[in-house]
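Chemist: Next one to model:
(chains A, B and C)
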Amino acid sequence: MQTEKEKDSKIKAAVLAEYTDSELKGDPELLIDSARGINESKKFSATFADSREFLSKALNSAASLIITKKGLLDELELESFEKTFLLSDNPRRVFAQTAQLLTDRPYFTANISAEAVIADSAELGKNLSIHPGVIISENAEIGDNTILAPGVIIGPDVKIGNDCLFHPGVIIERESEIADQVIIQSGAVIGSDGFGYASDKRGHHKIPQQGNVVIESEVEIGANTTIDRGASGSTVIKKGAKLDNLVMIAHNVEVGEQSMLVGQVGIAGSTTLEKRVTLGGQAGVVGHINLAENTTGAARAMITSKTNQGDFISGAPAHDHKDALKEQAYLRRLPKYIKKIKQLEKRIAELEDK
Amino acid sequence: MQTEKEKDSKIKAAVLAEYTDSELKGDPELLIDSARGINESKKFSATFADSREFLSKALNSAASLIITKKGLLDELELESFEKTFLLSDNPRRVFAQTAQLLTDRPYFTANISAEAVIADSAELGKNLSIHPGVIISENAEIGDNTILAPGVIIGPDVKIGNDCLFHPGVIIERESEIADQVIIQSGAVIGSDGFGYASDKRGHHKIPQQGNVVIESEVEIGANTTIDRGASGSTVIKKGAKLDNLVMIAHNVEVGEQSMLVGQVGIAGSTTLEKRVTLGGQAGVVGHINLAENTTGAARAMITSKTNQGDFISGAPAHDHKDALKEQAYLRRLPKYIKKIKQLEKRIAELEDK
Amino acid sequence: MQTEKEKDSKIKAAVLAEYTDSELKGDPELLIDSARGINESKKFSATFADSREFLSKALNSAASLIITKKGLLDELELESFEKTFLLSDNPRRVFAQTAQLLTDRPYFTANISAEAVIADSAELGKNLSIHPGVIISENAEIGDNTILAPGVIIGPDVKIGNDCLFHPGVIIERESEIADQVIIQSGAVIGSDGFGYASDKRGHHKIPQQGNVVIESEVEIGANTTIDRGASGSTVIKKGAKLDNLVMIAHNVEVGEQSMLVGQVGIAGSTTLEKRVTLGGQAGVVGHINLAENTTGAARAMITSKTNQGDFISGAPAHDHKDALKEQAYLRRLPKYIKKIKQLEKRIAELEDK
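Modeler: Here you go, the predicted structure:
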């Protein structure tokens, strides 16, 4: 995905079609220079429509290339085509990939600022963009093409792969290991101490947190999210997982591949999320449980026990979403039914009196 | 409100009365040098009392000026007045304005530190206070009288107005636009990428977030709060809105004028809050809905559908607050009523047997 | 606890036994060099087992020293002992103390970086470790042996005690007072303005927050947690309290000694937590109430009224945990009981018809 060399040039529609595995209809030689929302579209930009309404808007916009579904276009029964089209069952994905190709990586400079502080023992790869105020500590290793925006702090003994992008003020604590193509938003903290104490009457004795954080490739971490290091062993965020802002990942948690954790989610210690677990905003998960593949927890779900593959749960404590909805509906009617119970009681009393 | 020139001097009671639109009783020439809570009050300080109890305390304190309600003072039927008074229906507001006049703006130096890193292409206004460790990136523009405390990071192409105060470690991402008299507390992140992906079997493809954040005048943003940039177009925080700490604002949200969002609130993408929406701590709002003017969501409300003007809602999912309270009360009595149902069943069976 | 002088040397088992107040069984002269989890254990390391299963694993591990309960060891009726043991009723506490003795303090250098910015008026103690990018403002005072990791910002007039450890990017706002042996994780903000406004039709007038934050000794604060300064007077975190990540403490809150606040907890203004209050993850507490000693609020509890000593509460609004569990169980059965009510109604109607 890292193709910054091309960002200033235009890309032919035919190249976009091949790269995004979509069907081209129109001018294969058309040069596209940007991908934009319909309201922001311009000549030579690509835009995106996944409904009949948006397709009509797109046809009337300035955009030169429209990414849409084959079926939607056919429905319109157009006789002539002034635009060029990329057709796919998943136009949103095609738009995402097109936009990635056409969008500059932010903070790309291929330059190491004189205002950064870099330890002599750090090992730096090629083609790095290192901004003012960056601090790279002893024995840190950084791969090629990685971008460290202003004020990023890399602790001692950290390993970072290729093609990463860390936004301003990201903090990577000591001994963290981060693979390739990882994006971390501003203010996120990777590798803070886990919350581990042994308590007695005199107080809470800190258990030194001796593990680390391991982040696999293609992960994205949101702004001001915190990921604690393992007590011993590692806290692991697996390949392609996406974490939103202000998420809290406790020590020794494992977040499965392609999982998605929306803003303000919290996961307590030693819990495992298998592949493609999705948790809505402000959801919480207790410690030491396993969420099976494809579990979905709705926004604000409070998950207190393990799940089975494909479960869709909500509520506090979380359970089957349909049941939870039903209970909520009954709860709304509860005042009415309690009145009913009182009426029934009276009628029974009258019957008993007879 | 920015009157730091006066901060070291004292202000006459008559001037305070005029500035705060309150009624003076006592010595118009009295010079006041500070505004303090009753327990901290000193000679020549103003203090504040909005109840009979606090007014008695204030009268016995060292404060020289008491800000209170006319009615409260009349009730006491004092014969002589040793203090000077400012009287208003909203003494809290009068105290706030008095305290603003008498309190130094923190981090005001009117000096640009040699330890800041400022891009040549940045445009700086007059009378700035720029502290050590501040980084101002390419093409940033900063208005007059603005204060950037230590470690503030201003990204490329950011525009900042006059009289702003950014506390230590604030991060303003690229292309954000911030108007006048905006206060941002430490660690807040403005303009992080929104959480936007197009998913297929191979994973989640990042949709480049090409919009920005627009913050209007007189907004205040709390510590470690995060505001995501628009996917395309802007995330907007309108005039006079106040956001507390650890709040999460997703992409393309619009927060209405004078809205108040208390700590740890989360708003999902593309939701609009109209004017004067108030959300209590830890409340959450789903994406793509509209909260009408003067909507109040109680603490922890989980708001899942649009509201009407003046609605007061609570619970999860949130609905009319009175109904929610009633349901909670019935829920508490549910065990009792279920026992009652079993008794009724028995009594009916006995009747049926006869 | 601060014994970094010894960290590179080994410690005799007999010394560990005495320091941790545990019973030694085996070789008092055995030299131990580390404390590790069972899976990471090596020759000369100490490990920890608090169940029969873990004790068996520990006996088969490479660890030279096993910290366990006397009773567990006796149960095994071992005839010979190849390992050395420390025996205690609280082996977890013994392990914590052992690990503290054997683990290096992170970021310890006993060196002041030339890349730090230190105001002339700051007063520095002895044996400090001050890393690149640290900023120490005017009139700050820092005690002995304290460690400031890269990028820590100390505001004006801050007082910090001895033996503290502030991780990268910690922000201490002006006038905060921090005692000895305080650990603060990355990105935490101490002393941000409280959320205080006086509102009228024209908007929300900021009440200058003139107080500060006071943190007593042996407190630990988690990553990206925020603690607001008092409106007037202080926000206080008392001795030995432990706060996890992303916790929000509003102005004038008092957190009692040895209290534990798990991730994402929020406490509204002027609330007091007495000693040893424990709040689970994502719990919230309204303002201006008192939580009595040894109150436990479960994860996600929404605490809206004062508690009595030893209360264990959960739910929203929080009330007695056993009652809350019972209500949840009844709520699950509510659909069934409402069906039952309808059946009873029919049976009564039939009886009435007769």
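
Chemist: can we go C-alpha only for contacts and neighbour counts from here?
Modeler: Fine.

Chemist: could you give the angle of the longest helix along chain A to helix B:321-353?
Modeler: Ranked by residue count under DSSP state H, the longest helix found in chain A is helix A:321-353. Here helix A:321-353 runs at an angle of 50 degrees relative to helix B:321-353 (axes from the mean of the first three to the mean of the last three Cα atoms, to 10 degrees).

Chemist: and A:E75, how many residues sit next to it?
Modeler: 9 (other Cα atoms under 10 Å in any protein chain shown).

Chemist: That one should be in a helix, yeah?
Modeler: Yes - assignment of A:E75 by DSSP: H, G, I helix; E, B strand; the rest coil places it within a helix.

Chemist: A:S234: how many residues sit nearby?
Modeler: A:S234: 23 neighbours (other Cα under 10 Å).

Chemist: same question, the one 5 residues further on
Modeler: As a burial measure, A:K239 scores 22 neighbours (other Cα under 10 Å).

Chemist: can you tell me which residues contact the residue nearest the centre of chain A?
Modeler: Centroid check for chain A by Cα atoms, centre = their mean gives A:K242 as the closest residue, at 2.6 Å. Residues near A:K242 by Cα atoms under 8 Å, 6 or more residues apart in numbering or on different chains: A:219-221, A:258-261, B:204.

Chemist: give me phi/psi at it?
Modeler: phi -120, psi 120 (degrees, to the nearest 10).

Chemist: Give me the domain ranges for chain A.
Modeler: Annotated domains of chain A cover A:11-102, A:173-313, A:321-353 [the TED database].

Chemist: residues contacting the nearest residue to A:F81 once chain neighbours are set aside?
Modeler: Closest residue to A:F81 apart from its sequence neighbours, by Cα to Cα, 6 or more residues apart in numbering or on different chains: A:G26 at 7.4 Å. Shown in contact with A:G26 (Cα under 8 Å, 6+ apart): A:81, A:83-85.

Chemist: So for A:G26, what's the pLDDT?
Modeler: pLDDT, A:G26: 93.

Chemist: for chain A, what spans make up the helices?
Modeler: A:13-20, A:52-59, A:70-76, A:91-102, A:321-353.

Chemist: Show residues contacting stretch A:132-143.
Modeler: A:113-126, A:148-163, B:117, B:133, B:135, C:132-133, C:150.

Chemist: so of those residues, which ones are in strands?
Modeler: A:117-118, A:123-124, A:148, A:153-154, A:159-160, B:117, B:135 (DSSP state E).

Chemist: Can you select the buried ones among the residues you listed for me in ChimeraX?
Modeler: This is the ChimeraX syntax for the buried subset of the ones in strands among the contacts of stretch A:132-143, where burial follows 16 or more other Cα atoms under 10 Å in any protein chain shown:
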select /A:117,118,124,148,153,154,159,160 /B:117,135
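
Chemist: Output the ones in strands among the contacts of stretch A:132-143 in TSV, with pLDDT appended to each entry.
Modeler: Listed next are these as TSV, based on pLDDT from 0 to 100:
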residue	pLDDT
A:V117	98
A:I118	98
A:E123	98
A:L124	98
A:L148	98
A:I153	98
A:I154	98
A:K159	98
A:I160	98
B:V117	98
B:I135	98
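
Chemist: so which pair among the ones in strands among the contacts of stretch A:132-143 is furthest apart in space?
Modeler: A:K159 and B:V117 (27.3 Å; Cα to Cα).

Chemist: coming back round to it: which of the ones in strands among the contacts of stretch A:132-143 lies at the shortest distance from B:I66?
Modeler: B:I135 (43.7 Å).

Chemist: Quickly note the distance from the closest one to A:D320.
Modeler: 50 Å (Cα to Cα, to the nearest Å).

Chemist: low pLDDT regions in chain A?
Modeler: A:1-8 (pLDDT under 70).

Chemist: please redo it, this time with the cut-off set to 50
Modeler: Within chain A, the stretches with pLDDT under 50 are A:1-6.

Chemist: Could you tell me which residues of the stretch 101-250 of chain A lie near chain C?
Modeler: Counting by Cα under 8 Å from any Cα of the partner chain, the stretch 101-250 of chain A comes close to chain C at A:117, A:133, A:135, A:153, A:171, A:173, A:187, A:189, A:192-193, A:195, A:197-200, A:203-208, A:210, A:224-226, A:232-233, A:246, A:248.

Chemist: Buried ones only from these, please, as a PyMOL command.
Modeler: To isolate the buried ones among these in PyMOL, judged by 16+ other Cα under 10 Å, type:
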select buried, chain A and resi 117+133+135+153+171+173+187+189+192+193+195+197+198+203+204+205+206+207+208+210+224+225+226+232+233+246+248
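
Chemist: near chain B, which residues of the stretch 201-350 of chain A?
Modeler: Counting by Cα under 8 Å from any Cα, the stretch 201-350 of chain A sits next to chain B at A:222-224, A:240, A:242, A:244-246, A:258, A:262-264, A:281-282, A:300, A:331-332, A:334-335, A:338, A:341, A:345, A:348.

Chemist: 7 Å instead, please
Modeler: Within the stretch 201-350 of chain A, the positions adjacent to chain B are A:223-224, A:240, A:244, A:258, A:331-332, A:334-335, A:345 by Cα under 7 Å from any Cα of the partner chain.

Chemist: Would you mind giving those residues as JSON lines with distance to A:G71 added?
Modeler: Formatted as JSON lines, those follow (distance: Cα to Cα, whole Å):
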{"residue": "A:A223", "distance to A:G71": "38"}
{"residue": "A:N224", "distance to A:G71": "42"}
{"residue": "A:G240", "distance to A:G71": "30"}
{"residue": "A:D244", "distance to A:G71": "33"}
{"residue": "A:Q258", "distance to A:G71": "29"}
{"residue": "A:L331", "distance to A:G71": "43"}
{"residue": "A:R332", "distance to A:G71": "42"}
{"residue": "A:L334", "distance to A:G71": "47"}
{"residue": "A:P335", "distance to A:G71": "49"}
{"residue": "A:E345", "distance to A:G71": "61"}
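
Chemist: May I ask which two of these are separated the most?
Modeler: A:G240 and A:E345 (59.6 Å).

Chemist: Give me the more crowded residue out of the two.
Modeler: A:G240 (25 against 21).

Chemist: doesn't A:I215 make contact with that one?
Modeler: No - using Cα atoms under 7 Å, A:G240 is not in contact with A:I215, being 9.6 Å away.

Chemist: Okay then, goodbye and thanks.
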